[in-house]
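Visitor: Pasting a predicted model and its sequence here:
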Amino acid sequence: MDEVALIQEAKKGDVNAYNRLVLHYQQAAYNVAYRIMGEPQAAEDATQEAFISAYKALNRFRGGSFKSWLMRITTNACYDELRRRKRRPQSSLDQLTQDNESFSFLRSPGVGPEEQQQILELMQAVEHCLQTLPDDQRITAVLRDVEGYDYKEIAEITRVSLGTVKSRMSRARTKLRECLQGFKELLPLSYRLSSST
């Protein structure tokens, strides 16, 4: 895929070129939105809103990493939705869907039913703990530990300083570690904090 050429064509109004960009990045955008929002429907809505916003703002894209630019828009769409939710009751963390690529390992034939259940319960515990984080820390943790962006990219995506990203990440990891201790039985032994008894 010649991304630069597709962007140039999309800027000229070529919808097919933009659709090819969408197809290329939709799973990455959805995965970020899903980890931030915690619900498939909310993630789909935020992803769709992000692609609409990106299309409208395409002429303002001045080069650099298109993926980082798009993830910034996706993150902003999630922030907007989270702000709206604070004004009305929040939905519960429902199910993890089989359609989500993040959980495709659960369909692996090499994993038995008991192990699948344990992995699923651990994933649900991690999702629960992620949702307890403040929005800024959750977004930073998702971008770093789930999606694998480096600190500099996260600073660019979230438009905060590198120091702020590192601080948010440190606080997020501490809170996640504390939260996951409530699910000790699901954690591998090497991840359990030893109690001083």
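Guide: That came through fine.

Visitor: Tell me the first helix or strand C-terminal of the helix or strand bottoming out on mean pLDDT in the chain.
Guide: The least trusted helix or strand in the chain, going by mean pLDDT, DSSP states H and E, turns out to be helix 113-132, with a mean of 81. Moving toward the C-terminus from helix 113-132, the first helix or strand encountered (DSSP states H and E) is helix 135-141.

Visitor: For that next one, list every residue counted as buried.
Guide: Of all the residues in helix 135-141, those buried under the rule 16 or more other Cβ atoms under 10 Å are Asp136, Gln137, Arg138, Ile139, Thr140, Ala141. All C-beta spots, glycine's among them, are computed from the backbone N, C-alpha and C.

Visitor: One more: stretch 2-18?
Guide: Using 16+ other Cβ under 10 Å as the test for burial, stretch 2-18 gives Leu6, Ile7, Glu9, Ala10, Ala17, Tyr18.

Visitor: which helices and strands does the host helix or strand of the last one pack with?
Guide: Spelled out, that is Tyr18. Tyr18 belongs to helix 15-37 when assigned by DSSP H and E. The contact analysis (3 or more Cβ pairs under 8 Å, 6 or more residues apart in numbering; DSSP states H and E) places helix 15-37 against helix 3-11, helix 40-57, helix 66-86, helix 135-141.

Visitor: Among the ones you listed, show me which one is buried the most.
Guide: Across the helices and strands packed on helix 15-37, averaging neighbours per residue (mean count of other Cβ atoms under 10 Å) puts helix 135-141 on top, at a mean of 22.

Visitor: out of the buried residues of helix 135-141, who's nearest Leu58?
Guide: Ile139 (23.2 Å; Cβ to Cβ).

Visitor: For Lys152, the count of nearby residues, please.
Guide: Lys152: 11 surrounding residues under other Cβ atoms under 10 Å.
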